[in-house]
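Colleague: output the structure for:
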Amino acid sequence: MAEKTLALEKSETETSARKDSLDHRIRLLYAIGICMVVLAHCRGGGIVLLFDWFPYGGLHVALFMFCSGYLYKDSAEENAVGFILGTLRRLILPLYVYNLAYGLIAQLLHRFGFQMGGAFTLHNLLVAPLIDGHQFVWNMAGWFVVPLFMAQVFTVLFRKTLRLFLKKTPEYLCAAACVVLGIIGNQLAIKGYNHGWMLAAVRLLHLLPFFGFGVFYRHVLEPVTKKIPGWMVFSAILAAKLLIVLRLGRMPDYTSSWCSDFIDGPVMPIVTGALGITFYMRAASILEPVAKRSRTVDLLAGSTYSIMMNHLLGILLVRSVFAGISRFTPLFPDFDWSAFHADIWWYYLPRGSSYTLILYVLGGILFSVLVQKMLTRASSAVRARRA
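Modeller: Numbering: from 1, shown residues only. I've put the predicted structure just below:
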């Protein structure tokens, strides 16, 4: 019993050490990014803040890519195969476990009249997650995991190959290559090559510049930008955004999941994403002392995978509460049962107030955090038994 307790304490200490070693700014960016994902799926949650200047669609997953690139370590190139296998185990294996779970959940919900979610087939279980990731609907946000994995694989192999010929990795060349590939991917999407297996390839190319930006920022830009006053950085970013609006007549926004709406050309999605990332990175630097003391930031940053996968089911639970109240009380007589069963993007708004969307945001996040805590405790218990 003492040995099990010691093993559990050692595991918790190692977890705490890993958490402390993670840049507080990046934890804050992860927290902001995952909140953006949920807000984007809840019509903005009734919150505006800065999201009218930095729309969700072209920023939230770009922000995740940037953070992953920033955390990329050159030491991965010393054992590229081990790095790829570890990333496969950390990202893709849980994706398939969740996909199996949500395949079963979708079939169960079909029995209760819900029409969302595909059939429980081998294609939807094994192949569809690699193509578009929307096969069972409820876990559709998991589409992002595959291009994230592919970006990490591309980066380690590309940089390792360069190191075979050069003593030092040319960071400017690596960043430029990512941008060029991003422009090519965006152009392919504009030409209509964003369906089937091509969608998986185009997603990678579209998001690769932001992963490369994270690596480049840490190696090259960060030492320089630290010397620039914050007000100058913010002013330059907002001025650039204003010029874009004056040029286009609107604030550009894009749909990264389907690599669509690139109506402003192949370069603008990269520019707007980079501007948003730079804005929030500098804001995170200013708020770093707060992030160090915030348990909420730690909780959100440590639950991003769970929130990405589970928040739509949490939103359904909030919607179901309204359904139950409508069914058993005279309240909410305008509840639309047909939309409740057929449209995942339908939200019942008491008295038509968009401010009540925040309830769905909170429900999606809190449910997902609860799932993460349950999984963490179960994992700790298993490790303790094995010890």
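Colleague: now do the helix ranked longest in the chain, average pLDDT.
Modeller: For the chain, the longest helix by residue count, based on DSSP state H, is helix 357-386. Mean per-residue pLDDT for helix 357-386: 94.
Colleague: from the chain's centroid, how far away is that helix?
Modeller: For helix 357-386, the gap between its own C-alpha mean and the chain's C-alpha mean amounts to 17 Å (CA atoms, centre = their mean, to the nearest Å).
Colleague: what packs against that helix?
Modeller: With contacts taken as 3 or more CB pairs under 8 Å, 6 or more residues apart in numbering; DSSP states H and E, helix 357-386 sits against helix 2-21, helix 24-40, helix 295-301, helix 304-328. Every C-beta, even on glycine, is put in place using the N, C-alpha and C of the backbone.
Colleague: buried residues in the helix or strand immediately after the longest one in the chain?
Modeller: Which is helix 304-328. The C-terminal neighbour of helix 304-328 among helices and strands, as given by DSSP states H and E, is helix 337-342. Within helix 337-342, the residues scored as buried using 16 or more other CB atoms under 10 Å are 340-341.
Colleague: torsion angles phi and psi at Pro252?
Modeller: phi -70, psi 140 (degrees, to the nearest 10).
Colleague: contacting residues around stretch 219-231?
Modeller: 171-172, 175, 233, 282, 285-286 (CB atoms under 8 Å, 6 or more residues apart in numbering).
Colleague: gap between the two ends of that stretch?
Modeller: 23 Å (CA to CA, to the nearest Å).
Colleague: what's the answer for stretch 135-142, then?
Modeller: 10 Å.
Colleague: quick one: mean pLDDT for it?
Modeller: 97.
Colleague: tell me the pLDDT of the spatially most central residue of the chain.
Modeller: Nearest residue to the geometric centre of the chain (CA atoms, centre = their mean): Val61, 4.6 Å. pLDDT, Val61: 95.
Colleague: go ahead and confirm it touches Leu204.
Modeller: No. Contact between Val61 and Leu204 fails when scored by CB atoms under 8 Å: they sit 11.9 Å apart.
Colleague: hey, which of the helices and strands packed on helix 357-386 is tucked in deepest?
Modeller: helix 24-40 (a mean of 23; mean count of other CB atoms under 10 Å).
Colleague: Ala323 is in contact with Phe340, isn't it?
Modeller: Yes. Using CB under 8 Å, Ala323 is in contact with Phe340, at 5.8 Å.
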